[in-house]
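*Asks:* Sequence plus predicted model, see below.
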Amino acid sequence: MNSTTDLSAVPTTLEFQQLKARLHREVLDRLNLESLQQMDRETATQGIRSLITDLMNQQMTPLSTAERRVIMDEILDEIFGLGPLEPMLADTSINDILVNTFDQIYVERHGKLEPTQVSFKDDNHLMQIIDRIVSRVGRRIDESSPMVDARLADGSRINAIIPPLSIDGPHLSIRKFRKDALSGEDLVRYDSLTSPILELMAACVKARLNILISGGTGAGKTTLLNVLSSFIPNNERIVTIEDSAELQLRQEHVVRLETRPPNIEGEGQVTQRQLVINSLRMRPDRIVVGEVRGGEAIDMLQAMNTGHDGSLTTIHANTARDALGRLETMVAMAGFQLPPRAVKEQVASAINLVIQIARHSDGTRRVTGFSEITGMEEDVITMQEIFVFEKAGIDEQGKVVGRFRPTGIRPRFADRLRVAGIHLPVEMFDETATLEKLQANRSWR
């Protein structure tokens with residue numbers, strides 16, 4: 001299906017829109033839907049293309065080549081795809097598609113939101129597309145169940161909410177799934193981190209430190225989790241647990257688990273906590289939780305404290321300190337009446353590192369903090385920052401400028417890395433060292 005037509009070269013007059021709608025109705029009237037479902041996609045598409053061409057040739061209104069291509073693509077998108085959203089799904093520069101109302105659609109490119117000229121015909125048209133999405137994954141959306149989370153065939157994550165919960169009509173959000181996961185080198189090239197920080201992260205993963213990635217919505221937590229997961233040795237058994245499967249691990253020995261929402265009768269739900277508990281019976285070398293957000297936190301912490309070291313997960317929080325506070329709250333959500341100090345001790349002994357990532361005002365995503373958990377002092381979890389990103393300001397193009405800086409603190413886990421056979425240059429933790437000096441060291445190549 002060709003979704004790359006230049007729509008700006010095609011008229012959007014009322015007459016042209018009415019012609020498209022009329023042709024679409026005629027195509028649907030002439031199609032044998034039962035026989036269409038029994039055909040393979042390519043054969044069905046060829047038959048429909050032939051039918052659309054015949055119908056366009058019968059029209060009294062003259063049509064240009066560009067107009068014919070648009071009509072062909074849009075009718076095929078309506079029959080097989082997601083209607084006017086298909087070109088945006090095919091656009092690799094778009095990360096998020098946000099449908100506020102049927103005639104107001106935004107996309108995110110390079111971390112920034114921008115409006116589009118795309119629209120649905122009306123609320124009913126938008127509802128048809130939403131219903132098509134959720135029905136493909138065995139879900140439903142109606143007044144009795146007006147919210148749904150689902151996943152497209154390519155892995156993209158969608159959220160839909162309809163009246164009476166949404167005031168101005170149906171809303172739809174799509175977080176697109178990258179077919180080619182970003183690598184650590186990509187993050188260095190995009191200035192999300194530096195080569196020394198990337199190498200230190202790789203060393204921490206190989207030495208089986210428990211790592212918590214913290215950040216806000218859209219900050220790049222899952223992307224960074226993918227990168228860190230790529231450093232897990234190929235001979236280890238990895239169990240991943242996610243609400244919506246997004247991780248793209250390249251290792252051979254990976255077991256992927258995904259939660260299940262309740263069915264129409266409200267039964268059959270499988271939560272992340274149940275999956276975490278079950279994963280402990282699956283002899284994992286590593287447990288990777290896409291995002292910890294509830295009572296599963298206590299089971300994950302206990303796993304980290306009882307032999308399943310080297311585990312990775314993410315959490316929604318604005319700072320490393322907030323991330324630890326949220327973990328404590330989640331443990332309380334599990335229903336255990338543990339003393340606050342006991343909870344803090346669990347967190348302090350389980351988590352070794354908190355990596356903070358943020359999205360800046362210019363849309364760039366950067367690692368802004370690299371903190372080591374060092375233990376407890378009275379009732380406070382103690383931590384020390386190893387690297388920080390110092391924001392210097394914004395340049396004339398609106399870009400955030402700054403630098404990654406070592407704090408001068410040698411982490412306690414350096415000894416653990418050495419025992420694991422990983423030797424890092426001492427000068428990388430020197431706050432007077434420049435990035436150029438560090439990268440000149442051959443051990444970083």
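*Replies:* Sure thing, it's come through. Residues are numbered from 1 along each chain as shown.
*Asks:* Check for me that Leu257 belongs to a strand.
*Replies:* Yes - secondary structure of Leu257 (DSSP: H, G, I helix; E, B strand; the rest coil): part of a strand.
*Asks:* Show me how far the longest strand seen in the chain is from its chain's centre.
*Replies:* Under DSSP state E, the strand in the chain containing the largest number of residues is strand 380-394. In terms of C-alpha atoms, centre = their mean, to the nearest Å, the gap separating the centre of strand 380-394 from the centre of its chain is 25 Å.
*Asks:* Show me what that strand is in contact with.
*Replies:* For strand 380-394, contacts defined as C-beta atoms under 8 Å, 6 or more residues apart in numbering pick out 197, 200, 320-321, 324, 344, 347-348, 354, 360-362, 366-376, 400-407, 409, 411, 429. For glycine as for every other residue, the C-beta is placed from the backbone atoms N, C-alpha and C.
*Asks:* Just checking: what are the partner strands of that strand?
*Replies:* Paired strands of strand 380-394, with direction, are strand 365-377 (antiparallel), strand 400-406 (antiparallel) (DSSP bridges).
*Asks:* Can you say which of these is nearest to Asp77?
*Replies:* Minimum separation from Asp77 across the strands paired with strand 380-394 (C-beta to C-beta) falls at strand 365-377, 31.1 Å.
*Asks:* And stretch 134-145, how far out from the chain middle?
*Replies:* Remark: stretch 134-145 is offset 22 Å from the chain centroid, using C-alpha atoms, centre = their mean.
*Asks:* Kindly report the same for stretch 58-65.
*Replies:* Between the mean C-alpha location of stretch 58-65 and the chain-wide mean there is a distance of 44 Å, by C-alpha atoms, centre = their mean.
*Asks:* just checking, what packs against whichever strand or helix holds Thr314?
*Replies:* Assignment of secondary structure by DSSP states H and E places Thr314 within strand 312-316. For strand 312-316, the elements it packs on are strand 211-215, helix 221-229, strand 286-289, helix 320-333, judged by 3 or more C-beta pairs under 8 Å, 6 or more residues apart in numbering; DSSP states H and E.
*Asks:* Could I get the average pLDDT for that strand?
*Replies:* Averaging pLDDT along strand 312-316 gives 94.
*Asks:* go on, stretch 216-227?
*Replies:* For stretch 216-227, mean pLDDT rounds to 90.
*Asks:* ok, now stretch 185-203?
*Replies:* Mean predicted confidence for stretch 185-203 is 92.
*Asks:* Stretch 46-62 now?
*Replies:* Mean per-residue pLDDT for stretch 46-62: 77.
*Asks:* And for that stretch, what's in contact with it?
*Replies:* Counting by C-beta under 8 Å, 6+ apart, the neighbours of stretch 46-62 from elsewhere in the structure are 15, 19, 23, 26-27, 30-31, 36, 39, 63, 68, 71-72, 75-76, 79.
*Asks:* So for the strand holding Thr314, what gets flagged as buried?
*Replies:* Neighbour counts over strand 312-316 (16 or more other C-beta atoms under 10 Å) mark 312-316 as buried.
*Asks:* what ranges of the protein fall below the confidence cut-off?
*Replies:* By pLDDT under 70, the low-scoring segments of the chain are 1-14, 16-17, 28-29, 31-41, 60, 264, 433-445.
*Asks:* For the contacts of stretch 46-62, work out which two are farthest apart.
*Replies:* The two members of those with the most space between them (C-beta to C-beta) are Glu15 and Met39, at 33.6 Å.
*Asks:* For the nearest residue in space to Arg151 that is not next to it in sequence, give me its contacts.
*Replies:* Using C-beta to C-beta, 6 or more residues apart in numbering and skipping the chain neighbours, the partner closest in space to Arg151 is Ser244 (5.2 Å). For Ser244, the contacting residues are 149, 151, 157, 258, 290, taking C-beta under 8 Å, 6+ apart as the criterion.
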